[in-house]
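Student: A predicted structure for the sequence below; I have some questions about it.
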Amino acid sequence: MDKALSVLSPEALVGAIELLQKRGIEGDPTYERFFAARLVLSKAAWDGFAAAIGGPEMATGIAQFPLSADWVRALLQAFDRTPPITMRREDFAEGYVWTYDLRSVANLNRVNQFRAATAELMALVGKFLAEHSTEIEEVCGHSWRVASVRAFAPRPYAAGGRHKDGWPLKMKKLFLLPAGATPQTGSTWFRLRTGEEIIIDHPDPLWMIFENSVLEHSVVTPRGGRRPTIEIDLLPAAQTDPTPVDAGVNGWYPWFPSRASLIDGTKGAYDLACRPSFIRGIRMAMVGSPPALAIRRKRRALMAERIMKEIQNPERPS
Ligand SMILES: [Fe+2]
């Protein structure tokens, strides 16, 4: 990434940066600065958007519901027909947050058997979401739309410790679990909003919604058996829209709440990254942001670390 990109229109800049990202530009200092700046602007944009959407918070951070026999049959059938796939780092849609670190991608492939988002599976997910759209809205406390959909089954390998996902807080995960979830087949430990700790132990089919960036959670490694999972990541939205979105298996959620904010945010982050007064620019971008932007989550802390390094060892922009 260099200053040559500055001749592009903000719209074209989005496409150019997508191309660069897919090519892999580790170690490029300007890109590292762009990455940090985009993260700050993204958090600020989503926090502002979520505040405007409003709505009550979830009581415990988790809601679980039984899955009907008809849904179980249809989902298991569709899941079993999806071919296994390997997550590739570059498999993400334009404007999406993706797992950047190759070791993390390898680890995700080690602990999960990913499956293709076939047309059959996506159509079924769309039907499920449309049928349950009001219920989902009630659980979330706000209107919603789909960020991404991925299907997988956990493999019997140990994975990760206790963590929060570090996404914008109003985003949530919905899991369809047509074969249930138990400590035997693979489950999740949660610390609820109330402080109570639980492990999902539900041999019967279920669907559940949880606040992946509010609740601390960790994988309970499966000991055997099978736990097909269809994950649907949800975004706060001005209006509920149950249309499923295939953003690629490594596409998690959009950096920005709208196309216009993606263009603005990308241009803003690029300008900050190219500016000698990078740190001051970042600070200014944070001024006036909601208090939720306080440095307290891991990704924010990483960014702060980068910024500290930059303060101690200023580098000239290329
Ligand atoms: Fe997680």
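Tutor: Received the coordinates, thanks.
Student: C-alpha from now on. contacts and neighbour counts both.
Tutor: OK.
Student: what's A74 in contact with, if anything?
Tutor: Counting by Cα atoms under 8 Å, 6 or more residues apart in numbering, A74 touches L124.
Student: now do the helices in the stretch 101-250 of the chain.
Tutor: 102-111, 119-131, 133-140 (DSSP state H, counting those that start in this stretch).
Student: the residue nearest to G248 when sequence neighbours are not counted: what's it in contact with?
Tutor: Nearest non-adjacent residue to G248, counting by Cα to Cα, 6 or more residues apart in numbering: F92, 4.4 Å away. F92 sits next to 98, 247-252 when contact means Cα under 8 Å, 6+ apart.
Student: go through the residues you listed and name the one nearest T188.
Tutor: The closest of those to T188 turns out to be W252 (Cα to Cα; 19.4 Å).
Student: which residue packs closest to that closest one, ignoring adjacent ones?
Tutor: Of all residues not flanking W252 in the chain, V97 sits nearest, at 5.5 Å (Cα to Cα, 6+ apart).
Student: do S133 as well
Tutor: Closest residue in space to S133, ignoring its immediate chain neighbours: P242 at 6.7 Å, by Cα to Cα, 6+ apart.
Student: surely that neighbour and A130 touch.
Tutor: Yes - P242 lies in contact with A130 (Cα atoms under 8 Å); the separation is 5.4 Å.
Student: OK, contacts around K164?
Tutor: Going by Cα under 8 Å, 6+ apart, K164 touches 212-217.
Student: no no, V214
Tutor: Per Cα under 8 Å, 6+ apart, neighbours of V214: 61, 164, 169, 193.
Student: and those, which is the shakiest by pLDDT?
Tutor: Lowest pLDDT among the contacts of V214: L169, with 91.
Student: from memory that one sits against S213, does it?
Tutor: Yes - if you go by Cα under 8 Å, L169 and S213 touch, sitting 5.6 Å apart.
Student: which SS class is the spatially most central residue of the chain?
Tutor: The residue lying closest to the centre of the chain (Cα atoms, centre = their mean) is W252, at 3.8 Å. Here W252 is recorded as strand under DSSP: H, G, I helix; E, B strand; the rest coil.
Student: from Q239, how far off is it?
Tutor: Distance of W252 to Q239, computed by Cα to Cα, to the nearest Å: 20 Å.
Student: pLDDT value on the residue nearest to G248, please?
Tutor: pLDDT, read off for F92, is 95.
Student: that one belongs to a helix?
Tutor: No - assigned with three-state DSSP, F92 falls outside any helix and is coil.
Student: any idea how far it is from E231?
Tutor: Applying Cα to Cα, the value for F92 to E231 is 16 Å.
Student: remind me which residues of the chain are low pLDDT?
Tutor: For the chain, the stretches with pLDDT under 70 are 1-3, 26, 158-159, 276-318.
Student: any idea how it splits into domains?
Tutor: 3-52+258-312, 60-252 (automatic domain parsing).
Student: what about L177, neighbour count?
Tutor: For L177, the neighbour count with other Cα atoms under 10 Å is 25.
Student: pretty sure it contacts T229?
Tutor: Yes - counting by Cα under 8 Å, L177 touches T229, with 5.2 Å between them.
Student: tell me the SS of the residue nearest to W252?
Tutor: Under three-state DSSP, the three-state class of V97 is strand.
Student: now do the contacts for it.
Tutor: Contacts here follow Cα under 8 Å, 6+ apart; on that basis V97 touches 251-255.
Student: ok, these vs D271, which is closest?
Tutor: For these, the residue nearest D271 by Cα to Cα is W255; the value is 16.9 Å.
Student: go ahead and confirm the closest one touches S42.
Tutor: Yes - proximity of W255 to S42 meets the contact threshold set by Cα under 8 Å, at 5.5 Å.
Student: residue boundaries of the strands in the stretch 201-318 of the chain?
Tutor: Taking DSSP state E, counting those that start in this stretch to define them, one finds strands in the stretch 201-318 of the chain at 206-210, 216-220, 229-236, 251-254.
Student: okay, buried residues for stretch 208-228 please.
Tutor: Buried positions in stretch 208-228, judged by neighbour count with 16 or more other Cα atoms under 10 Å: 208-222, 226-228.
Student: got TSV for the helices of the stretch 101-250 of the chain, with distance to R81 and mean neighbour count too?
Tutor: Converted to TSV, the helices of the stretch 101-250 of the chain look like this (distance: least, Cα to Cα, whole Å; neighbours: other Cα atoms under 10 Å):
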stretch	distance to R81	mean neighbour count
helix 102-111	19	15
helix 119-131	9	17
helix 133-140	26	17
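Student: quick one: contacts for the spatially closest residue to S187 that is not a sequence neighbour?
Tutor: Nearest in space to S187, with sequence neighbours left out and distances taken as Cα to Cα, 6+ apart, is V220 at 4.9 Å. Counting by Cα under 8 Å, 6+ apart, V220 touches 158, 183, 186-189.
Student: so where's the longest helix in this structure?
Tutor: Longest helix in the chain by number of residues (criterion: DSSP state H): helix 29-53.
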